[in-house]
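> give me a 3D structure for the following:
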Amino acid sequence: MADKENQSTGDAAKVSKKGAKKAAAAAAKQAKKSEKQAAMEATQVAQQVDDFSKDFYGEMKMIQSTEKPDRKLVSVGGLTAANADEHVWIRGRLHTSRGTGKQCFIVIRHQQATVQTLVFVGEKISKPMVKFCTSITKESVVDIYGQVKKVEKKVESCTQDDIELHINQIFVVSKAAAKLPLGIEDASRPELDESQPEDGRPRVNLDTRLDNRILDLRTTTKQAIFRVQAGVCKLFRDHLTSEGFVEIHSPKIISAASEGGANVFEVTYFKGKAYLAQSPQLYKQMAIAADFGKVFTVGAVFRAEDSNTHRHLCEFVGLDLEMAIDYHYHEALQVIGDMFISMFKGLREQYAKEIETVGRQYPAEEFKFLEPSLILQFPEAVKMLNDAGVEMTDEEDLSTPNEKLLGKLVKKKYDTDYYILDKYPLAVRPFYTMPDPENKKWSNSYDMFMRGEEILSGAQRIHDPEFLSERALVHGIELKTIQAYIDSFKYGCPPHAGGGIGMERVTMLYLGLHNIRSSSLFPRDPKRLTP
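Predicted coordinates for the structure are as follows:
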């Protein structure tokens with residue numbers, strides 16, 4: 001028993017000695033660390049005392065609207081050689097930086113524009129100031145005051161390629177985290193097609209882009225895409241307004257599925273149920289019945305379709321129009337065709353810079369169209385497909401592969417990416433489509449295409465409640481489920497026609513993008529509900 005106690009005492013002594021050695025080593029290490037830290041702080045204090053530039057750089061106090069300095073910020077994109085030798089203030093994000101001893105090159109990015117800036121040790125620039133510049137994290141927002149200088153050799157990596165800015169002052173307005181989930185440079189690189197070999201440079205896949213959409217949207221390409229998209233909406237509005245159309249706004253929470261079927265989102269509405277609108281169709285037609293004459297609307301459209309394709313979304317922006325006609329639905333067809341031509345010309349003329357920017361990352365052939373619009377009859381299209389080896393009759397609807405093939409055939413024959421297909425088979429159109437009075441096989445309906453994909457579906461609508469009821473029964477629809485729709489025509493309604501367009505799809509196809517999610521700001525599909 002005594003031997004066991006002596007052994008325990010000896011073991012404890014050994015442990016105690018080991019602990020003491022560890023503690024001593026840790027204390028010595030901490031002492032060295034503290035000594036080194038003190039030396040660094042002393043050096044920094046000495047540098048600050050000698051730093052004649054200390055008032056010209058640093059992290060700016062948070063802007064909380066406490067003052068309005070007498071300072072005008074110049075847009076990066078507005079800087080040109082005409083500003084040479086001027087002193088200006090700019091604000092932008094630190095895109096890239098490269099420090100080389102006593103100087104630092106910084107590329108500043110603001111929206112679609114980039115400019116090279118330079119800071120170097122001199123009479124007014126201290127070494128600590130240059131060191132500070134090299135330490136600023138990428139994507140930080142900075143204010144820079146400097147002198148615009150012409151450059152002898154173009155700065156190929158920047159949009160403002162004939163100048164650079166020599167920094168006199170620099171302040172961090174908003175500091176970015178040191179580690180970014182994706183690199184803006186990586187997200188800006190051109191996509192490689194199957195024929196191109198890997199170049200070893202990292203690229204960012206679509207899911208990573210969408211998971212970190214805020215960063216992805218900062219690239220000059222995305223900035224350009226959504227300016228083109230804004231142009232699509234503006235040109236749509238401007239043209240129709242000039243043609244006497246009235247913009248209306250329809251409800252998105254409705255009591256019954258607007259297009260019928262199961263592809264509808266159901267929501268709780270107090271003690272009952274409601275649905276998210278699949279289309280503003282009913283409300284456009286009600287506006288015509290209310291004598292507005294010609295109307296259009298821009299708004300969200302919801303489709304609960306479990307489609308994970310390159311061109312489908314569960315929520316998109318619809319550009320819809322409807323108009324009263326005098327005697328023939330081709331009046332509406334002409335208006336819509338002219339509208340698209342006006343939009344395409346407007347995009348080409350007003351957004352050339354943005355289109356060029358997008359093309360550098362997403363190379364595509366220039367979008368071509370004819371003026372006036374090319375109009376083909378459905379049987380003509382079927383014959384073109386039959387001649388190309390496709391087996392289908394003129395009573396079938398076009399499948400997606402056949403749409404794409406037809407687009408290629410039309411491009412080869414007519415040299416246009418845009419065309420109209422008129423007179424669809426009645427059997428493949430909705431119940432409210434007006435039949436062709438001379439041949440019940442056909443209907444007064446049309447689709448429009450860009451690069452072989454549908455971008456508008458439209459028709460003359462049935463405006464007579466009795467005939468509408470008859471057509472609904474032919475389609476096997478219970479009248480009680482659409483009674484409110486039928487009743488909207490009971491008090492007299494002018495004949496009318498119209499169509500619906502997907503804004504994101506037009507943007508995608510005009511620019512030649514590969515996926516509709518690239519032209520949706522925050523896309524919603526069956527697998528994505530965030531951000």
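> every contact and neighbour count from this point should use C-alpha atoms.
Fine.
> poorly predicted segments of the stretch 251-400 of the chain, please.
Applying pLDDT under 70 to the stretch 251-400 of the chain flags residues 258-262.
> surely Val148 is in a strand?
Yes. Membership of Val148 in a strand is supported by DSSP: H, G, I helix; E, B strand; the rest coil.
> ok, so what distance separates Gln460 from Pro495?
8 Å (CA to CA, to the nearest Å).
> OK, contacts around Ala178?
Listed by CA atoms under 8 Å, 6 or more residues apart in numbering, the contact set of Ala178 reads 137-138.
> can you check the one 10 residues further on too?
Residues in contact with Ser188, defined by CA under 8 Å, 6+ apart, are 219-221, 361.
> I'd like the distance between it and Arg218.
Applying CA to CA, the value for Ser188 to Arg218 is 10 Å.
> can you check which residues contact both of the two?
With contacts taken as CA under 8 Å, 6+ apart, Ser188 and Arg218 have no neighbour in common.
> quick one on the thing from earlier: who's more crowded, Gln460 and Pro495?
With neighbours defined as other CA atoms under 10 Å, Gln460 and Pro495 compare such that Gln460 has more, 28 against 20.
> contacting residues around the nearest residue to that one once chain neighbours are set aside?
Excluding the flanking residues, the one nearest Gln460 by CA to CA, 6 or more residues apart in numbering is Ala497, at 4.0 Å. Neighbour list for Ala497: 322-325, 329, 332, 458-461 [criterion: CA under 8 Å, 6+ apart].
> what about the stretch 101-250 of the chain, any weak spots by pLDDT?
Looking at the stretch 101-250 of the chain by pLDDT under 70, you get 192-197, 199.
> switch to 80 and redo it
191-200 (pLDDT under 80).
> can you pull out the strands in it?
Assigned by DSSP state E, counting those that start in this stretch, the stretch 101-250 of the chain shows strands spanning 103-110, 113-120, 141-150, 163-174, 246-247.
> out of those, which is closest to Pro69?
When the strands of the stretch 101-250 of the chain are compared by CA to CA, strand 141-150 sits nearest Pro69, at 13.0 Å.
> I'd like to know which elements the closest one is packed against.
Judged by 3 or more CA pairs under 8 Å, 6 or more residues apart in numbering; DSSP states H and E, strand 141-150 is in contact with strand 87-99, strand 163-174.
> confirm the residue nearest to Gln460 sits in a helix?
No. Using three-state DSSP, the assignment for Ala497 is strand, not a helix.
> element containing Phe467?
helix 465-474 (DSSP states H and E).
> what helices or strands is that helix leaning on?
Packing partners of helix 465-474 (3+ CA pairs under 8 Å, 6+ apart): helix 483-487.
> tell me which residues are up against the helix it packs on.
282, 465, 468-469.
> distance between that helix and the chain's centre?
Relative to its chain's centre, helix 483-487 lies at 38 Å (CA atoms, centre = their mean, to the nearest Å).
> swap in stretch 278-291?
Counting by CA atoms, centre = their mean, stretch 278-291 comes out at 29 Å from the chain centroid.
> now swap in stretch 370-384 and tell me
31 Å.
> for Ile253, phi and psi?
Backbone torsions for Ile253, taken as degrees, to the nearest 10, come to phi -100, psi 120.
> again with Ile63
The phi/psi pair for Ile63 (degrees, to the nearest 10) is phi -70, psi 110.
> residues contacting it?
Val173.
> go again with 10 Å.
Counting by CA atoms under 10 Å, 6 or more residues apart in numbering, Ile63 touches 173-174.
> relative to Arg93, how far out is it?
Counting by CA to CA - Ile63 and Arg93 are separated by 16 Å.
> what does Ala381 give?
51 Å.
> neighbour-wise, which of these two wins?
Taking neighbours as other CA under 10 Å, Ala381 and Arg93 compare with Arg93 leading, 25 against 21.
> find the nearest non-adjacent residue to the more buried one, please.
Val141 (4.5 Å).
> tell me the bridge partners for the one you found.
Val141 has these beta-bridge partners by DSSP bridges: Arg93, Ser174.
> quick one: contacts for it?
Going by CA under 10 Å, 6+ apart, Val141 touches 91-95, 108-110, 171-176.
> export those to CSV and tack on distance to Lys408?
Converted to CSV, these look like this (distance: CA to CA, whole Å):
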residue, distance to Lys408
Arg91, 46
Gly92, 44
Arg93, 43
Leu94, 44
His95, 41
Ile108, 42
Arg109, 39
His110, 39
Phe171, 54
Val172, 52
Val173, 51
Ser174, 50
Lys175, 50
Ala176, 47
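> residues contacting the closest residue in space to Glu266 that isn't next to it in sequence?
In space, and not counting its chain neighbours, Glu266 is closest to Tyr275: 4.6 Å by CA to CA, 6+ apart. Contact analysis of Tyr275 by CA under 10 Å, 6+ apart lists 252-258, 264-269, 302.
> among the residues you listed, which lie within strands?
Cross-referencing those against strands under DSSP state E gives 253-254, 266-269, 302.
> buried subset of the contacts of Tyr275 as a PyMOL selection?
For the buried members of those, the matching PyMOL selection, counting by 16 or more other CA atoms under 10 Å, is:
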select buried, resi 252+253+254+256+257+258+264+265+266+302
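> for the contacts of Tyr275, which one is nearest Leu513?
Phe302 (22.4 Å).
> what bridges to the closest one?
Counting by DSSP bridges, the residues bridging with Phe302 are Glu315.
> right, and it touches His312 too?
No. Using CA atoms under 10 Å, Phe302 makes no contact with His312, being 11.0 Å away.
> which residues do those two both contact?
Arg524.
> which residues does Ser53 contact?
123-130, 168-169.
> only the buried subset of those residues, as a PyMOL command please.
Selection of buried members from these for PyMOL, criterion 16+ other CA under 10 Å:
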select buried, resi 125+126+127+128+129+130+168+169
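> now the contacts of Ser53 in TSV, with distance to Glu391?
Below are these laid out as TSV (distance: CA to CA, whole Å):
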residue	distance to Glu391
Glu123	80
Lys124	78
Ile125	76
Ser126	77
Lys127	76
Pro128	75
Met129	73
Val130	71
Asn168	71
Gln169	71
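> just the contacts of Ser53 now: which is nearest Gly200?
The closest of the contacts of Ser53 to Gly200 turns out to be Val130 (CA to CA; 32.0 Å).
> for Tyr145, see how far away the closest one is.
Note on Val130: its distance to Tyr145, by CA to CA, is 14 Å.
> start and end of stretch 106-126, how far apart?
Taking CA to CA as the criterion, the two ends of stretch 106-126 lie 17 Å apart.
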